[in-house]
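In: Sequence and computational prediction follow.
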Amino acid sequence: MGGDLGPQATVPASLDILMEDPSVSIAFFGDSVQIQKQINAYQNIRNIDVDRFVIHHCSSSISMSEKPSFSVRNQQKSSMWRALELVSGGEASACVSAGNTGALMAISILELGCLPGISRPAICTKVPTLNNSSLSISGYTYLLDLGANIICSGEQLHQFSLMASQKALVVNGIQYATVGLLNIGTEGTKGRQEIHDAAKLLETDSDLNYIGFIEGDSLLKGVADIAVCDGFTGNIALKTIEGVALLARHYLNQELSRSFLGKFGAFLARSSLKKFYKKIDPVLYNGASLLGLNGVVVKSHGSSGIDGFSCALAVAILEAKEDLPQKIKDKLSKFIF
């Protein structure tokens, strides 16, 4: 029920996934009337086995403005909470939500718990980059944390690095993904103490391919496969990247529409422009993983439409099939005493 569009986006996206992947089944949580309405309106519903999806009616949902503390105390019957209960009970392999991020994180910790050795989960997503890093075949870098932890200790930043490295290995097949700490400069004297504490841990960890501090402009150059920072910094960085992408598209469209020659040029270059728009479209990078939980939980952007939510579902399905939480747990086992 979450996000700006609710079932209008989540239901068609889920049914699209069922059409594409016969190994997947879906459990919907929310207002059964609204969900069924979208199912009935789906063009190819007759081609989907009714046994592959089920509707769980929920009389309440968590609003986007609701405080996580209120949700934890009062929303045990909400659609978000009941969906996470299905994962914690082993009846579902993953949970995808476009709802309240703070509530999703808080309830996920309560229902699923953190992996051994993890003090706090982190939100991780990919951002488009130039083709310099090991991930250049896909053209993106993993960025975390994105808002789950406003202030992070050096130890937590180290944990984030280990988890993201394992994600790069499982999802992208990269054995030693390069890791950079996002900082205000590359010099060893710059940055807060927590970043320097993290740098010492990363430098001495033979399991990590740490390359040092990276600045904001290097983030999109693909200098590192993984960029690690606290949630305050990461959230601002991500929202800025999304804003710049929209600005670039706006300016390009504006200039191309100013004259006949511009419009004619746009017509001739329409194929290249379509590829360009696709590369910078934030929708296609949707699906942020909550790393560090005893289960797969993926957060979809609240404003995502059908295509965006489909991307988030694809992230969750891949992580569930690869059993990413267990592989992160195995990676962290040597740090647990």
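Out: All right, it came through fine.
In: Okay, now the unreliable bits of the stretch 1-150 of the chain?
Out: Applying pLDDT under 70 to the stretch 1-150 of the chain flags the ranges 1, 131-138.
In: Going along the chain, name the helices of it.
Out: Along the stretch 1-150 of the chain, the segments classed as helices by DSSP state H, counting those that start in this stretch run 7-20, 32-41, 68-74, 79-88, 101-112.
In: Quick one: closest of these to Ile118.
Out: helix 101-112 (10.1 Å; Cβ to Cβ). No exception for glycine: its C-beta is placed from N, CA and C like everyone else's.
In: coming back round to it: indicate which one of the helices of the stretch 1-150 of the chain is closest to Tyr251.
Out: Of all the helices of the stretch 1-150 of the chain, helix 7-20 comes closest under Cβ to Cβ, at 27.8 Å.
In: Compute the inter-axis angle for that closest one and helix 32-41.
Out: 50 degrees (axes from the mean of the first three to the mean of the last three Cα atoms, to 10 degrees).
In: For helix 7-20, buried residues please.
Out: Using 16 or more other Cβ atoms under 10 Å as the test for burial, helix 7-20 gives 7-18.
In: Could you save the residues you listed as TSV and add columns showing distance to Phe260?
Out: Output for those, formatted as TSV (distance: Cβ to Cβ, whole Å):
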residue	distance to Phe260
Pro7	44
Gln8	39
Ala9	38
Thr10	43
Val11	43
Pro12	39
Ala13	39
Ser14	44
Leu15	43
Asp16	39
Ile17	43
Leu18	46
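In: farthest-separated two in those residues?
Out: Going by Cβ to Cβ, the pair spanning these furthest: Gln8 and Leu18, at 17.1 Å.
In: follow-up on the earlier one: list just the nearest of the buried residues of helix 7-20 to Ala27.
Out: The closest of the buried residues of helix 7-20, once distances to Ala27 are taken by Cβ to Cβ, is Ser14, at 9.4 Å.
In: To His250, which of the helices of the stretch 1-150 of the chain lies closest?
Out: It is, among these and with distance given as Cβ to Cβ, helix 7-20, at 23.3 Å.
In: What is the closest one packed up against?
Out: strand 26-30, helix 32-41, strand 53-57, helix 306-321 (3 or more Cβ pairs under 8 Å, 6 or more residues apart in numbering; DSSP states H and E).
In: Identify whichever of those lies nearest to Lys275.
Out: helix 306-321 (15.9 Å).
In: Report the residue ranges of every domain in the protein.
Out: 1-115+292-322, 119-290 (automatic domain parsing).
In: Next up, the contacts around Asp207.
Out: By Cβ atoms under 8 Å, 6 or more residues apart in numbering, the residues touching Asp207 are 162, 165, 331.
In: Looking at those residues, which are in helices?
Out: Mapping the contacts of Asp207 onto helices (DSSP state H) picks out 162, 165, 331.
In: Spatially nearest residue to the second one, not counting backbone neighbours?
Out: I take that to be Ser165. Ala177 (5.2 Å; Cβ to Cβ, 6 or more residues apart in numbering).
In: And that neighbour, how far from Ile211?
Out: Here the criterion is Cβ to Cβ, to the nearest Å. By it, Ala177 lies 10 Å from Ile211.
In: Name the nearest residue to the residue nearest the centre of the chain, ignoring sequence neighbours.
Out: Central residue of the chain (Cα atoms, centre = their mean): Ala288, 0.8 Å from the mean position. Spatially, and ignoring its direct neighbours in sequence, Ala288 is nearest to Thr125 (4.0 Å; Cβ to Cβ, 6+ apart).
In: Equivalent analysis for Ser289, please.
Out: Per Cβ to Cβ, 6+ apart, closest to Ser289 is Cys124, 4.9 Å.
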